[in-house]
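Student: pasting a predicted model and its sequence here:
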Amino acid sequence: MDAFQLVTLLIVLCAALAYINHRFIRLPNVIGLLVLSLALSTIVWVSNHIFHWQLAATLENVIVHLDFSKALLEVMLCFMLFAGSFHSDTDAIRKEAKSIGIMAVLGTILKTVVVAGLLYQCSRWLGAPIEWIYCLLFGALIAPTDPIAVLGILNRTQVPERIKTNIIGESLFNDGVGIVIFLTILEIVEKGAESFTVGGMLLLFVREAVGGILFGGALGYGAFLLLKSIDDYEVEILLTLAVVMGGYLLADQLHISGPLAMVVAGLITGAKTSRQKSMSATTERYMDQFWELLDMGLNAILFLLIGLRLIGLAFSGQLLVLGIVAIGITLLARLVTVKLLSALFRKTIGTTHREQNIVIWSGLKGGLSLAMALSIPNLPVKEPIVFITYAIVLFSIIVQGLSIEWVARRNTAE
């Protein structure tokens, strides 16, 4: 199946499942697509392995060989992060910059260590021991809250604005920290412990994270100047596309964080003051509609792919138990991190215990964690890590995504 046929198949499936969800089931779009694609995966598997239908076998073969990690990290992510940050409240995020920074940096590091320690011990109790270095690798990929999942669900949920700003801001920036930790540990796995130095890790962090932020600032300011110099919404939309695609490609060549660059560029370009100085009312309307439509379409495809990825996933009773335990570990690590940092930085973060409960339950995981898990080299530990990551992502999107509004109402009621 060539690229055009594959994209056509995905769009047709997205449209069909989105229609079924909107017409009959009426779940939030991203959650409905995920649930229906899980059902579709089950139907395809049963049709192939029990009824031996050729069409189902062909479809399963296409799904199994689809490079989910490459599709998300190299194709879709730049558009989705720019669109998400472009429509975020830049002024509100700036006001909460200190608390967002604490949760994005210290929170990610702390969650990585807590998850790794708990998984290391629990895997031994369950008779399926995982080495410490692989537990750290899993901790790094599951620690960040996923900006795509958070933006896709939280923006449609009634959560207090200040708390929502902190959760969204954390999700936009903490992936850079998580990716740096993940890449460092992955290098140790591939090259051995002797390759690790504290100086090397700090250099990697500065290059990836700080470099990505500075480069994103330059991209955003450059986009602002270009948009300010003309008044033609068609050309201006094309310019933002060029900035996103060209900037992401250049960031990869410079070995700096493309995701962080897209977040910063989107925040600068979409800021209220930038819009007032660089866009006419007509341009602003069309620009918003274009990026909203692109974001909606890519979100639909992403959650469809997450559901379809059930096909070809390694499965056993032991892995199922480990996946359930891993869900509990991830929630516990989130609780410990939020409560501890809120206590240590009480004046800066300034949240009540009830507000902290909302923050804890809003720590959604999504496609980014799954993409990092799938990017691990073909080692014996890869299958267990991919499975438990998948279990956590499904729980996070379906269970937490559907219940976050109820949690918010319960913790904001007088």
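Tutor: Cool, got the structure. Numbering: from 1, shown residues only.

Student: tell me the centre residue of this structure?
Tutor: Residue closest to the mean C-alpha point of the chain, counted by CA atoms, centre = their mean, is D146 at 3.0 Å.

Student: what does the pLDDT read for the residue lying closest to that one once chain neighbours are set aside?
Tutor: Across the structure, with CB to CB, 6 or more residues apart in numbering as the measure, the residue nearest D146 apart from its sequence neighbours is G366 (3.4 Å). The way it works is simple: take the backbone N, C-alpha and C, and place the C-beta from them, glycine included. Turning to G366, the model gives it a pLDDT of 91.

Student: burial of G366, as a residue count?
Tutor: Other residues within reach of G366, judged by other CB atoms under 10 Å, total 30.

Student: just checking, what packs against whichever helix or strand V386 is part of?
Tutor: Taking DSSP states H and E as the criterion, V386 maps to helix 382-394. Taking 3 or more CB pairs under 8 Å, 6 or more residues apart in numbering; DSSP states H and E as the contact definition, the neighbouring helices and strands of helix 382-394 are helix 132-142, helix 317-344, helix 367-374.

Student: list the helices and strands the second one packs on?
Tutor: What that stands for is helix 317-344. Helix 317-344 sits against helix 107-125, helix 353-361, helix 382-394, with contacts defined as 3+ CB pairs under 8 Å, 6+ apart.

Student: dump those to CSV, plus mean neighbour count.
Tutor: Putting the helices and strands packed on helix 317-344 into CSV (neighbours: other CB atoms under 10 Å) gives the following:
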stretch, mean neighbour count
helix 107-125, 20
helix 353-361, 19
helix 382-394, 21
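
Student: which of the helices and strands packed on helix 382-394 sits closest to F387?
Tutor: Taking CB to CB as the measure, the helices and strands packed on helix 382-394 were each checked against F387, and helix 317-344 came out nearest at 4.8 Å.

Student: could you give me the buried positions within the helix or strand that the closest one is followed by?
Tutor: Counting by DSSP H and E, the next helix or strand C-terminal to helix 317-344 is helix 346-349. Residues of helix 346-349 classed as buried: I349 (neighbour count, 16 or more other CB atoms under 10 Å).

Student: now what about stretch 183-199, what contacts it?
Tutor: By CB atoms under 8 Å, 6 or more residues apart in numbering, the list of residues contacting stretch 183-199 from outside reads 133-134, 136-137, 140, 200-201, 204, 208, 376-377, 379.

Student: for stretch 73-87, that is, sorry about that
Tutor: 147-148, 151, 172, 240, 244-245, 247-248, 258-259, 262-267, 269-270, 288, 291-292, 294-295, 298-299, 301-302, 368, 371, 375.

Student: among these, name the ones in helices.
Tutor: 147-148, 151, 172, 240, 244-245, 247-248, 258-259, 262-267, 269-270, 288, 291-292, 294-295, 298-299, 301-302, 368, 371 (DSSP state H).

Student: buried among these? Make that a ChimeraX selection.
Tutor: Only the buried members of those enter the following ChimeraX selection, criterion being 16+ other CB under 10 Å:
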select :147,148,151,172,240,244,247,248,258,259,262,263,264,265,266,267,269,270,288,291,294,295,298,299,301,302,368,371
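
Student: next secondary structure after the host helix or strand of L6?
Tutor: In this assignment (DSSP H and E), L6 forms part of helix 3-20. Tracing the chain C-terminally past helix 3-20 and defining elements by DSSP H and E, one meets helix 29-49 next.

Student: restrict whatever helix or strand comes next after that following helix to CA atoms and write it as PDB.
Tutor: From helix 29-49 onward toward the C-terminus, using DSSP H and E, the following helix or strand is helix 54-65. As requested, C-alpha coordinates have been extracted for helix 54-65 and formatted as PDB (Å, rounded to 0.1, in the frame of the first residue of the first chain):
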ATOM      1  CA  GLN A  54      -8.500 -11.900   3.300                       C
ATOM      2  CA  LEU A  55      -9.500  -8.200   3.700                       C
ATOM      3  CA  ALA A  56      -9.000  -8.300   7.400                       C
ATOM      4  CA  ALA A  57      -5.600 -10.000   7.000                       C
ATOM      5  CA  THR A  58      -4.500  -7.200   4.500                       C
ATOM      6  CA  LEU A  59      -5.700  -4.500   6.900                       C
ATOM      7  CA  GLU A  60      -4.000  -6.100   9.900                       C
ATOM      8  CA  ASN A  61      -0.700  -6.300   7.900                       C
ATOM      9  CA  VAL A  62      -0.900  -2.600   7.000                       C
ATOM     10  CA  ILE A  63      -1.500  -1.600  10.600                       C
ATOM     11  CA  VAL A  64       1.200  -3.800  12.000                       C
ATOM     12  CA  HIS A  65       3.800  -2.400   9.600                       C
END
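
Student: now helix 54-65 and helix 3-20, what's the angle there?
Tutor: Between the axes of helix 54-65 and helix 3-20, defined by axes from the mean of the first three to the mean of the last three CA atoms, to 10 degrees, the angle is 110 degrees.

Student: next, the buried residues of stretch 279-289.
Tutor: Across stretch 279-289, burial judged by 16+ other CB under 10 Å covers 279, 283-284, 286-288.
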